[in-house]
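# need coordinates for the following:
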Amino acid sequence: MQTSTTPAISLTGAQQNELLRALSREELIELFAHLDLVPLAAGKRLFDAGDLMEYAYFPTNAIISLQYVTEDGGAAEVAVVGREGVAGVAMYEHERANCCAVVQTAGYGYRIKSEILRRAFFGGGALAQQLMRHTSALFAQLAQTVAGVRHGTIEQRLCRWLLERLDRSLSNELKVTQELIANMLGVRRESITCCAGKLQEDGLIEYRRGCVTVVDRSGMERRAGSCYSAS
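I've put the predicted structure just below:
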């Protein structure tokens with residue numbers, strides 16, 4: 001039974017995901033029969049590297065971090081997916097994940113079995129076009145992440161990381177910790193503390209434990225420079 005805190009399962013609800021909203025009403029109705037609205041709790045692992053890709057997830061207000069995990073257990077974020085896209089697309093039968101997906105910001109999303117999404121993809125139409133466009137955007141995001149690690153300063157990378165979440169958030173308030181940011185960027189927590197302090201001093205963000213509020217978005221974009229502007 002639906003509660004006051006649980007979104008209604010509806011075509012309108014599914015259209016909170018921008019990729020699904022780009023489909024024709026007929027395509028969405030056909031796909032909707034196979035979509036399940038699921039809660040996505042912060043920290044939930046949707047799949048790990050090497051797992052069979054059983055489901056794909058279309059977030060509505062949740063944010064999913066795609067991460068590469070090293071043999072010693074370290075993790076580095078390679079891309080992020082929010083209401084603009086989908087996580088876990090498998091174009092081939094028995095395809096396995098090449099990264100892990102972790103819910104970073106809690107919310108909801110629509111889940112669909114990979115085999116059904118794959119069948120719909122090969123049927124052509126707007127869904128196939130949107131999935132290919134989204135895959136291309138993920139590759140571009142990955143390339144920019146790599147370039148940022150190689151050429152960007154820690155401050156630029158921090159600004160970009162926050163802006164990426166802001167792009168996918170319904171408010172300018174982000175519930176994140178400095179420890180999480182440091183782990184995702186692969187830097188020391190002290191470095192993030194120093195950069196966040198400078199951004200706060202300059203009036204770009206307000207930070208309190210576990211929460212960052214972006215006050216001056218345009219200023220953040222200028223600080224991020226090419227780390228963000230080409231995305």
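# wait, a helix at Q156?
Yes - counting by DSSP: H, G, I helix; E, B strand; the rest coil, Q156 falls inside a helix.
# can you read off the pLDDT for it?
At Q156 the predicted local distance difference test score is 94.
# do R150 as well
78.
# give me the buried positions along the helix or strand encompassing it.
Taking DSSP states H and E as the definition, R150 sits inside helix 126-151. By neighbour count, with 16 or more other C-beta atoms under 10 Å as the criterion, the buried positions of helix 126-151 are L127, Q130, L131, H134, L138, Q141, Q144, T145, G148. Quick note: C-beta positions are derived from backbone N, CA and C, even for glycine.
# other SSEs contacting it?
helix 18-21, helix 25-32, strand 75-81, helix 114-122, helix 154-168, helix 226-229 (3 or more C-beta pairs under 8 Å, 6 or more residues apart in numbering; DSSP states H and E).
# weakest of these in terms of mean pLDDT?
helix 226-229 (a mean of 80).
# can you give me the offset of it from its chain's centre?
Distance of helix 226-229 from the chain centroid (C-alpha atoms, centre = their mean, to the nearest Å) equals 17 Å.
# spit out the contact partners of the residue nearest to the spatial centre of the chain.
By C-alpha atoms, centre = their mean, the chain has its centre lying nearest to V81, at 2.2 Å. For V81, the set of contacting residues under the criterion of C-beta atoms under 8 Å, 6 or more residues apart in numbering consists of P59, I63, I64, L66, A87, A101, L138, R168.
# number of nearby residues for L40?
A total of 23 residues lie near L40 under the criterion other C-beta atoms under 10 Å.
# correct me, but it touches Q104?
No - L40 is beyond contact range of Q104, at 9.6 Å (criterion: C-beta atoms under 8 Å).
# the nearest residue to A75 once chain neighbours are set aside pairs with what?
Once its chain neighbours are removed from consideration, A75 has its nearest residue in Q67; the separation is 4.6 Å (C-beta to C-beta, 6 or more residues apart in numbering). According to DSSP bridges, the residues that bridge with Q67 are E77, C100.
# so Q67 makes contact with V80?
No - using C-beta under 8 Å as the test, Q67 is too far from V80 to be in contact (9.7 Å).
# how far away is the residue nearest to the centre of the chain from P39?
Using C-beta to C-beta, to the nearest Å, one gets 17 Å for the distance from V81 to P39.
# point out where this protein drops to low pLDDT.
1-9, 229-231 (pLDDT under 70).
# which helix or strand contains G203?
Secondary structure assignment for G203, by DSSP H and E: no helix or strand.
# check the one 10 residues further on too.
Secondary structure from DSSP H and E places T213 in strand 211-214.
# what lines up beside that strand in the sheet?
As assigned by DSSP bridges, strand 211-214 forms pairs with strand 173-174 (antiparallel), strand 205-208 (antiparallel).
# how close does G88 sit to N183?
Distance of G88 to N183, computed by C-beta to C-beta: 22 Å.
# so for those two, which sits in the more crowded spot?
Neighbour tally, G88 and N183, criterion other C-beta under 10 Å: the higher count belongs to G88, 23 against 17.
# so the nearest residue to A62 once chain neighbours are set aside bridges to which residues?
Leaving aside its sequence neighbours, A62 sits nearest to G107 (C-beta to C-beta, 6+ apart; 3.2 Å). Beta-bridge partners of G107, counted by DSSP bridges, are L40.
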